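In: Give the three-dimensional model of this entry:
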Amino acid sequence: MTAIQWSDGAPIYRQLKERVVAMMLDGVLKPGDALPSVRQVAADYQLNPITVSRAYQELADEALVEKRRGLGMYVTEEAAKKLLVNERERFLTEEWPLVLERILRLGLSTEELLAAAPAQGGTR
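Out: Model (predicted):
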């Protein structure tokens, strides 16, 4: 995992969970990959192991990772697909209405938005 800046806005276990989720969505963690051990993450980021365990348990509760006795936690085969569906739904219901409201308030046109968008290699 890369360096993490913790914010005061959310519990650290939730921030850690979101970081792991981002790594899954970005393809850094792929199905079948092992998560770093609780002890390793706790030592690397100076966290309480219970904090790390709680983040990992939430990932397991959502079937994004699975515990393999004696081996650790592994990304499940369906994790990326499940995350993409969940994250798209969350974006459309929580984030997009706020973005759209701001676009409308500023009177931005589709052309202005597209012109300002960073070039994407492989749009859908």
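
In: For the helix or strand of the chain with the lowest mean pLDDT, list every residue counted as buried.
Out: Using mean pLDDT, DSSP states H and E, helix 79-90 stands out as the lowest-scoring helix or strand of the chain, at a mean of 88. For helix 79-90, burial by neighbour count (16 or more other Cβ atoms under 10 Å) applies to Ala79, Ala80, Leu83. Heads up, the C-betas are built off the backbone N, CA and C, glycines and all.

In: do the same with stretch 19-36
Out: For stretch 19-36, a neighbour-count test (16+ other Cβ under 10 Å) marks Val20, Val21, Met23, Met24, Leu29, Leu35, Pro36 as buried.

In: which stretches of this protein form helices?
Out: All helices of the chain, identified by DSSP state H, fall at 12-25, 38-45, 49-61, 79-90, 96-106, 110-116.

In: Using TSV, lay out the ones you listed together with distance to Ile4.
Out: Listed next are those as TSV, based on distance: least, Cβ to Cβ, whole Å:
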stretch	distance to Ile4
helix 12-25	6
helix 38-45	6
helix 49-61	11
helix 79-90	19
helix 96-106	25
helix 110-116	30
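
In: Mind checking the ones you listed for the one nearest to Gly70?
Out: helix 38-45 (13.9 Å; Cβ to Cβ).
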